[in-house]
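Enquirer: give me the fold of what follows.
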Amino acid sequence: MTTPLPGHPVRGSTTGRPIMALLDLLGRRWTLRILWELRDDEPLTFRVLQQRCDGVSSSVLATRLRELGEADLVGHAEGYTLTEQGRSLFGTLVQLDAWAADWRPRQPS
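Expert: Model prediction:
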C-alpha cells in the first residue's frame, strides 16, 4: 500500500484531492494514535512510542511512521517528533476533538 499524498489516486478519489489523501492517511489503523502520542515536543524512541500505543505491532508502527514521514508529518532525528506540518495538523485535530466532545447526534424518533 502506498502513502496517500495529494495529487495521487487514493481511496475515494482518483484525482488525489488533498482532503481525500489526508482522510485516507488519517483513516489508517493507528495513525491518529501515533499523532496523538507525539503531541508533546519530546522525541520518542520507537520502543517508547510502541508502548504508548498499547503495544501496536512493530511492523504496523514502522509502516505508519514511514507513511507519516513521507507525508512530512513526522520526523526522526533523536527520536520521533511531529514536523511543523504535523504540529499544524495536530492543532486542527484538537479543534475537531473539541467539536466531537459537544457532538450530540439526534436520537431516533
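
Enquirer: going along the chain, name the strands of the protein.
Expert: For the chain, applying DSSP state E gives strands covering 74-76, 80-82.

Enquirer: as JSON lines, those strands with distance to residue 63 would be great.
Expert: C-beta here means a position set from N, CA and C on the backbone, and glycine is covered the same way. As requested, the strands of the chain are exported to JSON lines (distance: least, Cβ to Cβ, whole Å):
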{"stretch": "strand 74-76", "distance to residue 63": "12"}
{"stretch": "strand 80-82", "distance to residue 63": "14"}
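
Enquirer: so which of these gets nearest residue 51?
Expert: strand 80-82 (12.9 Å; Cβ to Cβ).

Enquirer: out of the strands of the chain, flag the one nearest residue 37.
Expert: It is, among the strands of the chain and with distance given as Cβ to Cβ, strand 80-82, at 9.0 Å.

Enquirer: follow-up on the earlier one: I'd like the strands of the chain written out as CSV, with mean neighbour count added.
Expert: What follows is the strands of the chain, written out as CSV (neighbours: other Cβ atoms under 10 Å):
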stretch, mean neighbour count
strand 74-76, 19
strand 80-82, 20
